[in-house]
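[1] prediction below, plus the sequence it came from.
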Amino acid sequence: MEKVEKVGKILRNRLVNNVKAGIEENNNIFVVKYSQLSSSQMDSFRKSLSKLGANVRVAKNRLAKIALEDAEQKGLAQQIEGQTAFVWSNEDSVTLAKAIMDFVKDSGGEKVEVKGGILDKAFLKSTDVKKLAELPAKEVLQAQLLQMMLAPLTRFAGCLNAKSRDLLSILKQLSEKKEGGQ
């Protein structure tokens, strides 16, 4: 009987270490509570997130809480309840949050619930994850930032161009007056 307990303890430690490693090695971690999902729905969820460079791992709550507490994420550890899945990745967090929230909507919102997450080691509440999903994609934000940075230069160039046109217009009018007056 003692060997079974040791094997069980080794297995539990390995599972905790796998979850802890996933938390420590990834910048984006989301915790999702799910219930009454068919295996095909869960498989679809995994595949859609895999295309975005994310992994989905199911963990026992007790082991997930131990791993989160070991990774100094007690706020997220308190959110663990029901059937829990971790979604982790180092890819774009906004795109990942959007995909998760789309899956929540597609499942009716009752079967899947986002409990929270970790973004660059900072705890996110479920409301924070929803706000993150509402942000534009990274490329769109970069384009908007570039546009904001270039706007003053564009206006300045336009102003210089307008002054040059005004000067040329005045010179042309003077030239026409001189030609007409002679």
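    Sure, I can see it. What you see is a predicted model, and the numbers here were worked out from it, not measured in a lab.
[2] tell me the mean pLDDT over stretch 121-135?
    Across stretch 121-135, pLDDT averages out at 87.
[3] what is the end-to-end distance of that stretch?
    From the first residue to the last, stretch 121-135 extends over 20 Å; the measure is Cα to Cα, to the nearest Å.
[4] and it, what's buried?
    123-124, 126, 128-129, 132-133 (16 or more other Cβ atoms under 10 Å). Heads up, the C-betas are built off the backbone N, CA and C, glycines and all.
[5] cool, stretch 79-92 as well?
    In stretch 79-92, counting by 16+ other Cβ under 10 Å, buried: 79-80, 83-89, 91-92.
[6] want to throw the buried residues of stretch 121-135 into TSV with secondary structure?
    Output for the buried residues of stretch 121-135, formatted as TSV (DSSP: H, G, I helix; E, B strand; the rest coil):
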residue	secondary structure
Phe123	strand
Leu124	strand
Ser126	helix
Asp128	helix
Val129	helix
Leu132	helix
Ala133	helix
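[7] tell me the pLDDT at Gly109?
    In this model, Gly109 carries a pLDDT of 65.
[8] what are the ranges of the helices in this protein?
    In the chain, the helices defined using DSSP state H lie at 2-25, 39-50, 61-70, 74-77, 93-106, 126-134, 138-181.
[9] what does the fourth one rub up against?
    The contact list for helix 74-77, computed with Cβ atoms under 8 Å, 6 or more residues apart in numbering, reads 29, 31, 64-65, 68-69, 115-118, 123.
[10] pull it out as CSV, backbone CA atoms only.
    In CSV, the C-alpha atoms belonging to helix 74-77 read as follows (Å, rounded to 0.1, in the frame of the first residue of the first chain):
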residue,chain,number,x,y,z
LYS,A,74,-3.0,33.5,-5.0
GLY,A,75,-5.6,35.9,-6.5
LEU,A,76,-6.1,33.5,-9.4
ALA,A,77,-5.9,30.4,-7.2
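[11] what mean pLDDT does that helix get?
    For helix 74-77, the per-residue pLDDT averages 82.
[12] could you do the last one as well?
    Helix 138-181 shows a mean pLDDT of 78 in the predicted model.
[13] distance between it and the chain's centre?
    40 Å (Cα atoms, centre = their mean, to the nearest Å).
[14] give me the angle between it and helix 93-106.
    120 degrees (axes from the mean of the first three to the mean of the last three Cα atoms, to 10 degrees).
[15] by contact count, what packs against helix 138-181?
    Counting contacts by 3 or more Cβ pairs under 8 Å, 6 or more residues apart in numbering; DSSP states H and E, helix 138-181 is packed against no other helix or strand.
[16] make residue 1 into 411 and carry on from there
    Will do, 411 is the new start, and the previous item becomes helix 548-591.
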